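Visitor: coordinates for the following, if possible.
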Amino acid sequence: MIENLGFESFTFRKLGKEIGSNESSIYRYFDSKHALLVYLFNWYWSWIEYRMYIATLNLNPEEKLRRAIEMLTQVIEEDSAFSFVNEVLLHRIIIAESSKAYLHKDIDEENEKGFYKTYKRVVKRVSEMVTEVNPEYKYPNMLVSSVIEGAHNQRYFAEHLPSVTDSIDGEDAILNFYLDMVFNLISKKN
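Guide: This next block holds a predicted model:
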């Protein structure tokens, strides 16, 4: 429903009607639709963290970083190992709505409570990969968070505002752009 209606139009009343329950039963689990969005945000980043851990085992530092960037920028396809969740739909929600999970006035309080711990762990893990490739690179956290947010924006633009992004037939231009950007930046002398 969030993906179909958009976060602003989604309500617990509509969700209750859809699942044949009353609105108050949903409030037992989530005190607001923002709390539900943060839950989905953390679920997504936990799934990415798990997949990234498995996919980068036993790789050399450059290949490990390359694989991590692929995972952060790629179009998500259905994974039969995760039949309990529609990861394609979850990815679409994250691309369109995730900034609403943290771009708000209560971010500091929620951060203190650990709401964004999983996302921060993913950034830290990939930042450590950057540092493994180039220990002298000064901005690994900014680089990784920029890759994540930028790739999400570019995926959104590709679908809704294609004139503000680039598309090359037969190529994942978004992935290739971020691979080029990261490896060019970290290979430069500081």
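
Visitor: count of neighbours near residue 77?
Guide: Residue 77 has 8 neighbouring residues, counting by other C-beta atoms under 10 Å. C-betas here are computed from N, CA, C, even on glycine.

Visitor: brain fart, residue 179
Guide: Residue 179: 17 neighbours (other C-beta under 10 Å).

Visitor: try residue 106
Guide: Neighbours of residue 106 (other C-beta under 10 Å): 11.

Visitor: likewise the one 10 residues further on?
Guide: Around residue 116 there are 18 other residues, counting by other C-beta under 10 Å.

Visitor: check contacts around it.
Guide: Contact analysis of residue 116 by C-beta atoms under 8 Å, 6 or more residues apart in numbering lists 41, 42, 101, 102, 110.

Visitor: next, give phi and psi for it.
Guide: phi -110, psi 20 (degrees, to the nearest 10).

Visitor: got the domain ranges for this protein?
Guide: Taking automatic domain parsing as the criterion, the chain consists of the domains 1-31, 32-187.

Visitor: and those domains, which one's lowest on average pLDDT?
Guide: For the domains of the chain, mean pLDDT drops lowest on domain 1-31, to a mean of 84.

Visitor: report the buried residues of that domain.
Guide: Going by neighbour count (16 or more other C-beta atoms under 10 Å), the buried part of domain 1-31 is 2, 3, 7, 10, 12, 15, 16, 26.

Visitor: ok, for residue 89, nearest residue in space, not its chain neighbours?
Guide: residue 3 (5.6 Å; C-beta to C-beta, 6 or more residues apart in numbering).

Visitor: helices or strands up against the helix or strand encompassing that neighbour?
Guide: Counting by DSSP states H and E, the element that carries residue 3 is helix 2-5. Contacts defined by 3 or more C-beta pairs under 8 Å, 6 or more residues apart in numbering; DSSP states H and E place helix 2-5 against helix 87-97.

Visitor: chain center to the helix or strand just after the helix it packs on: distance?
Guide: Scanning forward in sequence from helix 87-97 by DSSP H and E, the next helix or strand is helix 99-102. Averaging C-alpha positions (C-alpha atoms, centre = their mean, to the nearest Å) puts helix 99-102 11 Å from its chain's average.
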